[in-house]
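Colleague: have a look at this fold, sequence not included:
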């Protein structure tokens, strides 16, 4: 009898939860912000959203960039895909081509009217008559150094390629690498090489008619310079991803690194002296205009169910509200920059203790981002075939042909263009 | 006789059905896919006959990867067998703590691959790793070595890490073989004046050889298909220097988005392995019959 009573009580207690779960619209978010503190911050925002929207239950499933290009099409084909998925510009054409995306143009216009998107962030997702993702946060590549290290060596912050090389050479003493640069066949290397290319006059890898122009003298010169700089980088640079560069800088094994941000690791794993942390634009060949790679990460809305699509839009709107947006961006302070006008002035963004501490550096990052470029998305044009080129890391592969296989930059770049044409076919 | 044949068939049938469902059907699907032009998974394709086979066999990527797979398999077989044989011979001796040592050696094998990779990646790193400072302090090198910096060093390092992970398993198999060799034989040889090397060469090695041959066949199959350690440590790099066939299949399917071409490489790799398995099985049968 006691057992029956217990069972009845348990059933009664579980019933409301079961009924709630049945009624609520459940949506899943896949993102690639894997570090635990970022996952925790996203969860805080999800919890706040779920509490404010009893009819919707958002759950997150962190993924990683290395696998998400493979996993997503497979998951969607199996009917197990997410309802929302974070993206970078060259990821969207892949999913659009298999018919997994519907345009969110009207939704983006609605958000733009409210928050005022930075135009370039929307442009990168606008092609083929639609807008395929909602911009969420910007990232900009920068040159990081310690002011005291440069001062001790009697070096000014490099502005030209020549000054940069001299600085790297001077700073390469006592087991320290003057300049940490990746040479892995991986996205990080694509990003750093392109940052050098865009400062060497090789910003455009497409002609206006969509044919490739990767094989040109400016690209060859950029690869030649990058390869020359690699002699001042640690011996295992050919297997580096972002983490190794940050670790190298934090441990003082690298005097300078090219990275979106080192603030979090510098603050938690190194000395954390804000006054000594220097950030500068990437040096350019002639020292005049400084460009860099910069792009907006966005969220794709994938649900084919109307209710889930509406719930997803509601969640994205929630994230972009200034009272939430700063907290969202500061899941990694100093790395993610606002893509909206009201986000750029949001109190929630600037009041974070880490942002307050490194305000000078963050303002410099925002300035550097003004001249941001992204391969395949330049001069207001978008070339969707960049998706296949980027997925295969052909820019990084071309660097490896020079740095590892010993090909001449001219031969490697010519072969790189052939590979790009093959990938784009 | 007829009845016992039927019973044997009935007993084997469930296992054969499971194999057909888990191996046969995917293989049929792979062959079917290899005759189409499917790119991204889930997208439609059209029949293209043997175009993919002509494209793959006519390019260099497949042959480079096949060559690297052979290097990978042979290098692993040699290193793993050598390490395992030494470990098994030591563990076959009687000394205090041998039972603990036999348990302890298996730990390297049961540690998850990702953990193995994280540990070795850190140990080999030039920024904060332990191996480079040790080599420099001992005077063996004067500057940090990039263990994954060149195709040759990357492949050698991968073989080392993979062998480190797998040799305990092989050592236990060899140990099992060693324990089956009667002590009387060694004792008699010792009385006849044979030294340790002579006993190993004339008794241990010949009696252990069948076990080693079986292990070599199984080890080849297992090594050939290793993907996780290579992908997690080098992703097939640098400059394709560790891009074995499984890595090439993954890259072709999920980075180049050429699913049908990846299926073609899979079919070709399966044919290679099946040919090896048939030859090895026949050799084992012949060997068994002779003995």
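Modeller: Structure received. Just so you know, these numbers come straight off a predicted model, no measurement behind them.
Colleague: ok, whichever residue of the stretch 151-300 of chain A sits closest to chain B - how many residues close by?
Modeller: Closest approach between the stretch 151-300 of chain A and chain B, counting by CB to the nearest CB: residue A:235, at 3.0 Å. Where C-beta positions appear, they are placed from N, C-alpha and C, glycine not excepted. Close neighbours of residue A:235, defined as other CB atoms under 10 Å in any protein chain shown, add up to 19.
Colleague: that one: what's its closest spatial neighbour, skipping adjacent residues?
Modeller: Closest residue in space to residue A:235, ignoring its immediate chain neighbours: residue B:146 at 3.0 Å, by CB to CB, 6 or more residues apart in numbering or on different chains.
Colleague: need the contact list for that neighbour.
Modeller: A:234, A:235, A:236, A:237, A:238, A:239, B:126, B:153 (CB atoms under 8 Å, 6 or more residues apart in numbering or on different chains).
Colleague: residue A:308 too?
Modeller: Each residue near residue A:308 by CB under 8 Å, 6+ apart is listed here: A:25, A:26, A:27, A:83.
Colleague: roughly how far apart are it and residue A:60?
Modeller: Computed as CB to CB, to the nearest Å, the residue A:308 to residue A:60 distance reads 15 Å.
Colleague: per-residue pLDDT of the one residue in the stretch 51-200 of chain B that gets nearest to chain A, please?
Modeller: Relative to chain A, the nearest point of the stretch 51-200 of chain B is residue B:146 (3.0 Å; CB to the nearest CB). On pLDDT, residue B:146 comes in at 89.
Colleague: now do residue A:1
Modeller: Reported pLDDT for residue A:1: 48.
Colleague: ok, residue B:49 next?
Modeller: Residue B:49 is assigned 95 on the pLDDT scale.
Colleague: for it, give me its contacts.
Modeller: By CB under 8 Å, 6+ apart, the contact list for residue B:49 reads residue B:35.
Colleague: one more time with 10 Å, if that's ok
Modeller: Contact analysis of residue B:49 by CB atoms under 10 Å, 6 or more residues apart in numbering or on different chains lists B:35, B:36.
Colleague: where does it sit: helix, strand or coil?
Modeller: Assigned by DSSP: H, G, I helix; E, B strand; the rest coil, the conformation of residue B:49 is coil.
Colleague: residue A:369 now?
Modeller: Three-state assignment for residue A:369 (three-state DSSP): helix.
Colleague: you'd agree residue A:137 is in a strand?
Modeller: Yes - judged by three-state DSSP, residue A:137 forms part of a strand.
Colleague: not counting sequence-adjacent ones, nearest residue to it?
Modeller: Using CB to CB, 6+ apart and skipping residues adjacent in sequence, the residue nearest residue A:137 is residue A:336, 3.9 Å away.
Colleague: isn't the one you found right up against residue A:297?
Modeller: Yes - if you go by CB atoms under 10 Å, residue A:336 and residue A:297 touch, sitting 7.7 Å apart.
Colleague: find residues that contact each of these two.
Modeller: Joint contacts of residue A:336 and residue A:297 (CB under 10 Å, 6+ apart) are A:33, A:136, A:137, A:138, A:139.
Colleague: what's around the first one, how many residues?
Modeller: It refers to residue A:33. 20.
Colleague: tell me which helix or strand it sits in.
Modeller: Using DSSP states H and E, residue A:33 falls within no helix or strand.
Colleague: for residue A:173, helix, strand, or coil?
Modeller: Under three-state DSSP, residue A:173 comes out as coil.
Colleague: no wait, residue B:282
Modeller: Look at residue B:282: counting by three-state DSSP, its state is helix.
Colleague: show me where chain B dips below the pLDDT cut-off.
Modeller: Low-confidence segments of chain B, defined by pLDDT under 70, are located at B:1, B:287-291.
Colleague: run the last query once more with 50
Modeller: Of all residues in chain B, none has pLDDT under 50.
Colleague: show the contacting residues for residue A:307.
Modeller: Contact analysis of residue A:307 by CB under 10 Å, 6+ apart lists A:25, A:26, A:27, A:55, A:56.
Colleague: what does the stretch 201-350 of chain A have sitting close to chain B?
Modeller: Within the stretch 201-350 of chain A, the positions adjacent to chain B are A:233-241, A:244-254 by CB under 10 Å from any CB of the partner chain.
Colleague: now go through those residues and say which are in helices.
Modeller: Applying DSSP state H to these, the entries found in helices are A:244, A:245, A:246, A:247, A:248, A:249, A:250.
Colleague: quick one: the strands in the stretch 251-400 of chain A?
Modeller: A:254-259, A:277-280, A:292-301, A:372-373 (DSSP state E, counting those that start in this stretch).
Colleague: residue A:314: how many residues sit nearby?
Modeller: Other residues near residue A:314 come to 17 when the count uses other CB under 10 Å.
Colleague: make that residue A:288, sorry
Modeller: Counted with other CB under 10 Å, the neighbours of residue A:288 add up to 9.
Colleague: hang on, it packs against residue A:161?
Modeller: No - contact criterion CB under 10 Å: residue A:288 and residue A:161 do not qualify, at 11.7 Å.
Colleague: could you look up the SS state of residue B:163?
Modeller: Secondary structure for residue B:163, judged by three-state DSSP, is helix.
Colleague: contact partners for it?
Modeller: B:75, B:76, B:77, B:78, B:79, B:80, B:81, B:82, B:83, B:84, B:170, B:223.
Colleague: kindly report the same for residue A:264.
Modeller: By CB under 10 Å, 6+ apart, residue A:264 lies in contact with A:35, A:37, A:38, A:246, A:250, A:332, A:333, A:334, A:335, A:354, A:358.
Colleague: and the pLDDT for the fifth one?
Modeller: What it means is residue A:250. What the model reports as pLDDT for residue A:250 is 94.
Colleague: show me the contacts for the residue lying closest to it once chain neighbours are set aside.
Modeller: Counting by CB to CB, 6+ apart, residue A:250 lies nearest to residue A:270, which is 4.2 Å off, once chain neighbours are set aside. Contact partners of residue A:270, counting by CB under 10 Å, 6+ apart, are A:146, A:246, A:247, A:249, A:250, A:251, A:252, A:262, A:276, A:277.
Colleague: for the third one, report the pLDDT, please.
Modeller: By that I understand residue A:247. pLDDT, residue A:247: 92.
Colleague: and it, how many neighbours?
Modeller: 22.
Colleague: state the distance from residue A:377 to chain B.
Modeller: From residue A:377 across to chain B, the span is 19 Å (CB to the nearest CB, to the nearest Å).
Colleague: find the nearest non-adjacent residue to that residue, please.
Modeller: Using CB to CB, 6+ apart and skipping the chain neighbours, the partner closest in space to residue A:377 is residue A:124 (4.6 Å).
Colleague: what's the neighbour count on that neighbour?
Modeller: Per other CB under 10 Å, the neighbour tally for residue A:124 reads 22.
Colleague: give the contact list for it.
Modeller: Here residue A:124 is in contact with A:88-90, A:92, A:132-133, A:135, A:295-296, A:298, A:374, A:376-378, A:382 (CB under 10 Å, 6+ apart).
Colleague: over to residue A:33?
Modeller: When contacts are counted by CB under 10 Å, 6+ apart, residue A:33 touches A:39, A:41-42, A:60, A:62-64, A:86, A:137, A:297, A:331-332, A:335-336.
Colleague: let's see it at 7 Å
Modeller: A:39, A:42, A:62, A:331 (CB atoms under 7 Å, 6 or more residues apart in numbering or on different chains).
Colleague: which stretch of helix or strand covers the second one?
Modeller: It refers to residue A:42. Using DSSP H and E, residue A:42 sits in helix A:36-52.
Colleague: could I get the buried residue list for that helix?
Modeller: For helix A:36-52, burial by neighbour count (16 or more other CB atoms under 10 Å in any protein chain shown) applies to A:38, A:41, A:42, A:45, A:46, A:49, A:50.
Colleague: residues touching stretch A:138-154, excluding its own?
Modeller: Here stretch A:138-154 makes contact (CB under 7 Å, 6+ apart) with A:121, A:157, A:170-171, A:191-192, A:195, A:249, A:255-260, A:262, A:276-283, A:292-297, A:335-339, A:365, A:368-369, A:372.
Colleague: ditto for stretch B:112-122
Modeller: Here stretch B:112-122 has contacts from B:129, B:161, B:165, B:228, B:229, B:232, B:233, using CB under 7 Å, 6+ apart.
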